[in-house]
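Peer 1: kindly return the folded structure for what I paste below:
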Amino acid sequence: HVQLVESGGGLVQPGGSLRLSCAVSGWTYIMAWFRQAPGKEREGVAAIYTRGGITYYADSVKGRFTISQDNTKTTLYLQMNSLKPEDTAMYSCAAAFRYRDDWYNEATYGVWGQGTQVTVS
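Peer 2: Model (predicted):
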């Protein structure tokens with residue numbers, strides 16, 4: 001049974017950087033970061049297909065965020081640079097266990113972490 005535990009959130013000034021981590025306790029096919037701001041729907045931020053390392057990003061974060069995993073595939077990262085106030089949200093990692101091409105769809109994922117708050121102000 002895969003479990004996900006996020007860390008690394010916090011308060012940062014606009015233009016600053018944060019790195020989120022997600023500890024993964026088992027095998028996965030796709031790993032992703034989602035975020036949800038108050039009053040808004042949850043949105044997919046970035047995903048990595050763990051076999052080949054192919055990555056995808058939401059247009060709003062391209063060029064600023066980088067998703068990666070360590071060599072053992074037990075930790076997922078989200079490096080966030082040039083942060084903006086509109087990046088403020090609860091960030092959650094998610095795991096999928098079979099191939100789907102709609103990485104941005106919540107329904108693709110079967111396990112979620114508890115979330116970590118990122119505030120840019």
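Peer 1: residues contacting the residue nearest the centre of the chain?
Peer 2: Centroid-nearest residue in the chain, with C-alpha atoms, centre = their mean: Trp33, separated by 1.8 Å. Trp33 is in contact with 20, 22, 44-47, 67, 76, 78, 91-94, counting by C-beta atoms under 8 Å, 6 or more residues apart in numbering. Using the backbone N, CA and C atoms, a C-beta is placed for each residue, glycine as well.
Peer 1: how much space between the nearest residue to Phe97 once chain neighbours are set aside and Lys62?
Peer 2: Closest residue to Phe97 apart from its sequence neighbours, by C-beta to C-beta, 6 or more residues apart in numbering: Tyr29 at 5.4 Å. Counting by C-beta to C-beta, to the nearest Å, the separation of Tyr29 from Lys62 is 23 Å.
Peer 1: ok, back up a step: which ones among the contacts of Trp33 lie within helices?
Peer 2: Judged by DSSP state H, those include no members of helices.
Peer 1: quick one: which of Tyr29 and Lys62 has more around it?
Peer 2: Shown here are Tyr29 and Lys62; by other C-beta atoms under 10 Å, Tyr29 has more neighbours (14 against 10).
Peer 1: before we move on, back to that, show me what the residue nearest to the centre of the chain is bridged to.
Peer 2: Ala46, Cys93 (DSSP bridges).
Peer 1: distance check, it against Ala58.
Peer 2: 10 Å.
Peer 1: can you work out which residues contact both of the two?
Peer 2: Common neighbours of Trp33 and Ala58, using C-beta under 8 Å, 6+ apart, are 44-46.
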